[in-house]
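Enquirer: Provided below are the primary sequence and the corresponding predicted coordinates.
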Amino acid sequence: MPSTVRAFLEVVKFSRARSQRPMTAERSRQSSGVPGMDSLARVSAISPQPPVVPRRPARVRLADAADAVAIADVHVRSYEEAYSSLLSAEVIARHAQTARPRWSERLSDARGDHYWLAERSGQVVGFSWAQATGARAVRPLELVGLYVLAAEYGTGTADVLLEAAVGDAPCFLWVAEGNARAQAFYRRHGFEPDGAVDVLGEGDDTTTLRMVR
């Protein structure tokens, strides 16, 4: 038998024997990726990651008197989340104390105002409301308020609440001067400051800007 053939067969026999021998602890550690995690790194690099599915906007519907407490509680929470760095603790505390009675009164006698709420899994997570204004107002419709919990940021819930309250109608709103996030949101929907400013009052000197479209 030629020497080259014998050499080739020896290599084949050696390879078969190597592949059939029991796995040692050292080989087991290497094949499982420990230490060094090389195998795991290779798997991670080639395995597709599950896509990040964005959360959908919450469901929006008209509010009624039975929703007063839930809306009031969301108003308090969202107010604290949005304004804790802008308003004094006293103003926020006073707002919390009066929220439930104010919302009970509002929803028991809407007087043509339209109140909308957003629900997710049966829980109220935001609300909005608008009202018609007088003939002398800068626009015929005012977006009086729009609040969502911080957990709803980026889900589109604020967008659908705005759409429900005012659609694409010409309107105006007031927003805290320091609330850059809200201002950016309203700009995205066509609102721009018109130069008018006001102060909240009732013991609070926060400056608000009027935005119109």
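Expert: Received, thanks. Residues are numbered from 1 along each chain as shown.

Enquirer: need the strands for this structure, in chain order.
Expert: Taking DSSP state E as the test, the strands found in the chain are 59-62, 114-120, 123-132, 141-148, 172-176, 192-201, 204-212.

Enquirer: tell me the average confidence for the shortest one?
Expert: If I follow you right, that is strand 59-62. The average of the pLDDT scores along strand 59-62 is 97.

Enquirer: by contact count, what packs against it?
Expert: strand 114-120, helix 157-166 (3 or more C-beta pairs under 8 Å, 6 or more residues apart in numbering; DSSP states H and E). Any C-beta I mention is one placed from the backbone N, CA and C, and that applies to glycine too.

Enquirer: re the thing from before, now the strands of the chain as TSV including distance to Ala82 and mean neighbour count?
Expert: Output for the strands of the chain, formatted as TSV (distance: least, C-beta to C-beta, whole Å; neighbours: other C-beta atoms under 10 Å):
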stretch	distance to Ala82	mean neighbour count
strand 59-62	19	14
strand 114-120	16	21
strand 123-132	12	21
strand 141-148	7	21
strand 172-176	8	19
strand 192-201	14	12
strand 204-212	12	17
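
Enquirer: which of the ones you listed sits closest to Leu161?
Expert: Relative to Leu161, the nearest member of the strands of the chain by C-beta to C-beta is strand 123-132, separated by 4.0 Å.

Enquirer: output that closest one as CSV, nothing but the C-alphas.
Expert: Output of strand 123-132 as CSV, limited to C-alpha atoms (Å, rounded to 0.1, in the frame of the first residue of the first chain):
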residue,chain,number,x,y,z
GLN,A,123,-58.0,51.3,34.1
VAL,A,124,-58.2,55.0,33.3
VAL,A,125,-54.7,56.2,32.2
GLY,A,126,-55.5,59.6,30.7
PHE,A,127,-58.1,62.2,29.8
SER,A,128,-58.8,65.3,27.8
TRP,A,129,-61.4,67.9,27.4
ALA,A,130,-62.3,70.9,25.3
GLN,A,131,-64.9,73.7,25.3
ALA,A,132,-66.2,76.2,22.8
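
Enquirer: what packs against that strand?
Expert: helix 68-83, strand 114-120, strand 141-148, helix 157-166.

Enquirer: a markdown table please, covering the ones you listed and showing mean pLDDT.
Expert: As requested, these are exported to a markdown table (pLDDT from 0 to 100):
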| stretch | mean pLDDT |
| --- | --- |
| helix 68-83 | 94 |
| strand 114-120 | 96 |
| strand 141-148 | 97 |
| helix 157-166 | 98 |
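
Enquirer: looking at the strands of the chain, which is nearest to Ala182?
Expert: Using C-beta to C-beta, these put strand 172-176 closest to Ala182, at 5.0 Å.

Enquirer: what's the angle from the closest one to strand 192-201?
Expert: Put simply, strand 172-176 runs at 60 degrees to strand 192-201, going by axes from the mean of the first three to the mean of the last three C-alpha atoms, to 10 degrees.

Enquirer: quick check, central residue of this protein?
Expert: Centroid-nearest residue in the chain, with C-alpha atoms, centre = their mean: Tyr153, separated by 2.0 Å.

Enquirer: much appreciated, bye for now.
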